[in-house]
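Undergrad: Sharing a model prediction with you, sequence too.
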Amino acid sequence: MPINIPKNLPAGEILANENIFIMDELRAVTQDIRPLNILILNLMPEKQRTETQLLRLLSNSPLQVNVEFLHTASYESKNVSKSHLEQFYKSFEQVKHQRYDGMIITGAPVEQLQFEQVYYWDELVNIMEWTKTHVTSVMHICWGAQAALYYHYGIDKYKLAQKRMGVFSHDLIHPDVQLVRGWDDEFQAPHSRFTDVAEEEVLANEDLILLSTSKEAGPFVIQSKDGKHVMVTGHVEYDAATLGDEYHRDRNKGLKPDLPFDYYKNNDPNEKPLNRWRSHAYIMFSNWLNYYVYQQTPYAWK
């Protein structure tokens, strides 16, 4: 949360130059506070696991957050009970007249298809268009990030020679940007996907900022300059066991996947993997909620 200090206090300029978030007393006394309303479009097959992962990260903030879950009406998930969807999820028709402070669009196991071949693509296009006027800031994860880059900025994905799966080292490019304040200059994060986007296309787009990239895993965190869209190509929300579960699932299907890169200690799948990205995930979600949602959203939507 911001530090509330007297207006024009000399220390304020020093703190601001160190990227410490400050708020003068005039702004503090005039700022109304209410719970943040966050909508999550959960496209992942294991919906309950993803729910837990995202809520864990959203909870690490002093801000009060109200969360609603959204599912696609044009495609019925096969990995979650109908009763769970009916009890905890809404359709776009039920929420399209509402406004939300923030939204998360998750990944989905459809990255090997062209976007227009995805069964619910038209519905997702309608939702992404709706966010332009009804959501303050949207965080897009993995395939959701690629879908946003394609729809909003015309950047297409391309297929990789083999699935990129594991924990990779990343470099921080713009530590002064609010979303990544507090991140280390070099850090690790998990990826699990068959496709990627070209870094040169991201850099060439005048509306986008590449905040972090990896020599092995490619562009990682991208945001629009207006903060409306945050695209995260990896899975910082994953818990320590998720990549391992995906690896063993693919093996059981006879797919012969490669061992996740730098995931198991000594590359031994019998070793318990460690979560080496947790702190950056918490910081990013906290920064997003504070700087991109709470500080930007109107108190009362008109």
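TA: Sure thing, it's come through. Here the structure is a predicted model, which is why all the values come from computation and not from measurement. Numbering: from 1, shown residues only.
Undergrad: which regions of the stretch 1-150 of the chain sit below the pLDDT cut-off?
TA: Low-confidence segments of the stretch 1-150 of the chain (pLDDT under 70): 1-16, 18-33.
Undergrad: can you give me the strands for the stretch 151-300 of the chain?
TA: Remark: strands assigned in the stretch 151-300 of the chain by DSSP state E, counting those that start in this stretch are 157-172, 186-197, 208-214, 218-224, 229-232.
Undergrad: Distance to Tyr75 added to those, as JSON lines?
TA: For the C-beta atoms, the positions are set from N, CA and C on the backbone; glycine is no exception. As requested, these are arranged in JSON lines below (distance: least, CB to CB, whole Å):
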{"stretch": "strand 157-172", "distance to Tyr75": "20"}
{"stretch": "strand 186-197", "distance to Tyr75": "20"}
{"stretch": "strand 208-214", "distance to Tyr75": "29"}
{"stretch": "strand 218-224", "distance to Tyr75": "26"}
{"stretch": "strand 229-232", "distance to Tyr75": "22"}
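Undergrad: residue ranges with poor pLDDT in the stretch 201-302 of the chain?
TA: For the stretch 201-302 of the chain, the stretches with pLDDT under 70 are 301-302.
Undergrad: could you pull out the helices for it?
TA: Taking DSSP state H, counting those that start in this stretch as the test, the helices found in the stretch 201-302 of the chain are 242-252, 278-287.
Undergrad: Just the CA trace of the shortest one, in CSV.
TA: Presented in CSV, the C-alpha positions along helix 278-287 are these (Å, rounded to 0.1, in the frame of the first residue of the first chain):
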residue,chain,number,x,y,z
ARG,A,278,6.5,-17.7,-5.9
SER,A,279,7.8,-14.4,-4.7
HIS,A,280,7.8,-12.8,-8.1
ALA,A,281,4.3,-14.1,-8.8
TYR,A,282,3.0,-12.5,-5.5
ILE,A,283,4.7,-9.2,-6.3
MET,A,284,3.3,-9.0,-9.8
PHE,A,285,-0.3,-9.7,-8.8
SER,A,286,0.0,-7.3,-5.9
ASN,A,287,1.4,-4.6,-8.2
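Undergrad: Let me know the angle separating it from strand 208-214.
TA: Computed with axes from the mean of the first three to the mean of the last three CA atoms, to 10 degrees, the direction of helix 278-287 lies at 170 degrees from that of strand 208-214.
Undergrad: contact partners of helix 278-287?
TA: 57-58, 60-61, 178-184, 187, 189, 221, 232, 236-237 (CB atoms under 8 Å, 6 or more residues apart in numbering).
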